[in-house]
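[1] predicted model and sequence below, questions to follow.
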Amino acid sequence: MSVDVDEYLVSAARRRLSTFGRVPRMTTIDATQALPEDGFDRAVAMFSTRTIPSTWPAAVRSGGLISTTLAGTSLHLRVTVTDATHAQGRVVSHEARFMRVRTGPDDGSALHRVYLSARTAEGDEVRAFDGDVPNLRDDWRLALLLELLHPDVDHRWIDLGDRSMVWLLHPSGSWARAEVPKFGGRPVVHSSGPLDLWGQLDRVRHLTSKHGPIEPSSLRMEINPHSRRITWPAAEMSFPL
C-alpha cells in the first residue's frame with residue numbers, strides 16, 4: 001500500500017502504474033496520522049520527519065522494519081518494531097535526504113524573513129573574538145550535532161571573496177552572523193533576539209572537542225510509550241525526537 005497527502009499525486013501515480021499493469025493499493029491521507037491498515041512487514045517513508053510518528057510502529061508487525069530519514073539531517077534511520085509501542089534502531093547511512101513531510105501551512109517564509117533581517121543588519125550585540133569560525137556547510141558532523149541539539153536552528157554560509165559569512169537563524173526572530181575576514185582582522189559576530197544562537201554553537205563545538213566528532217553509525221534510536229530519542233553513546237547524551 002502507498003499513501004500521500006496530495007490527491008493529485010496519488011491519482012497521477014495510479015495512472016502511471018496502470019500503464020504497465022500495476023495496481024497497488026493507494027490512498028490520500030496524512031501519513032503521520034493513523035494509517036488505514038496494519039500488519040505491514042515494512043514502512044518506508046520517502047519524506048523526512050523530525051520523529052517517527054507513533055502510528056508507524058502500530059501499523060508494522062512485530063519484527064518488521066521502519067525506514068525513514070531525519071529532517072534537517074542526512075541520517076537514514078532503520079528501526080525494528082518490537083510491538084505497537086516499542087521499537088529500536090540505528091543509523092544505516094548519513095547520505096540520505098528527502099523533502100520534509102507536509103503537515104501544516106509553514107512554507108519557510110518566517111525563517112526567510114529572519115534571514116533578510118540578519119543579512120547585513122547591525123546586531124543588538126556585536127563582539128570580536130579570536131579563533132576560527134566553522135563552515136557548517138562542509139563540517140557536516142558539527143552541523144549534525146547542532147541539529148540534534150537545536151532542531152529549530154537553521155544555518156547558512158557564503159564566501160564573498162574577501163570574507164566569509166555564517167548565519168544562524170531561528171523562527172523566533174533570533175539570529176547571529178559571523179563575518180570572517182580573509183586578509184587580516186578578527187572575526188566579528190553580530191547577534192540579535194532572545195536566544196543566544198552563537199552560544200549554542202559554542203556548546204556544540206565544546207562537546208565535539210570533549211568527545212570527538214559525532215559518529216552517525218554509533219547513534220541508536222529508541223521508541224517507547226514515553227519518549228522517542230536518539231542516543232550518542234560516546235557522550236552519554238540523548239536527543240528527544
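    Sure thing, it's come through.
[2] got the contact list for the longest helix along the chain?
    Counting residues, the longest helix found in the chain (DSSP state H) is helix 197-211. Contacts to helix 197-211, defined as CB atoms under 8 Å, 6 or more residues apart in numbering, come from residues 134, 141-142, 145-146, 149-150, 153, 168-170, 174-176, 178, 189, 191, 214, 232, 234-235, 237. Placement of C-beta: from N, CA and C, glycine included.
[3] how about 6 Å then?
    Residues external to helix 197-211 that are found in contact with it (CB atoms under 6 Å, 6 or more residues apart in numbering): 145-146, 150, 168, 174, 176, 189, 191, 234-235.
[4] try stretch 61-77
    Here stretch 61-77 makes contact (CB under 6 Å, 6+ apart) with 39, 41-45, 48-50, 56, 78-81, 83, 89, 91-98, 100, 144, 147, 151, 221.
[5] put the buried members of the residues you listed into a PyMOL selection.
    A single PyMOL command is used to select the members of the contacts of stretch 61-77 judged buried by 16 or more other CB atoms under 10 Å:
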select buried, resi 43+45+48+49+56+78+79+80+81+89+91+94+96+98+144+147+151+221
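[6] send the alpha carbons of stretch 229-241 over as PDB?
    Output in PDB follows, covering the C-alpha atoms of stretch 229-241 (Å, rounded to 0.1, in the frame of the first residue of the first chain):
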ATOM      1  CA  ARG A 229      15.100   9.600  21.300                       C
ATOM      2  CA  ILE A 230      18.500   9.200  19.600                       C
ATOM      3  CA  THR A 231      21.400   8.300  21.900                       C
ATOM      4  CA  TRP A 232      25.000   9.300  21.300                       C
ATOM      5  CA  PRO A 233      26.900   6.700  23.400                       C
ATOM      6  CA  ALA A 234      30.300   8.500  23.300                       C
ATOM      7  CA  ALA A 235      28.900  11.500  25.100                       C
ATOM      8  CA  GLU A 236      26.200   9.600  27.100                       C
ATOM      9  CA  MET A 237      23.700  12.000  25.700                       C
ATOM     10  CA  SER A 238      20.200  11.500  24.300                       C
ATOM     11  CA  PHE A 239      18.300  13.800  22.000                       C
ATOM     12  CA  PRO A 240      14.500  13.800  22.100                       C
ATOM     13  CA  LEU A 241      12.700  13.500  18.700                       C
END
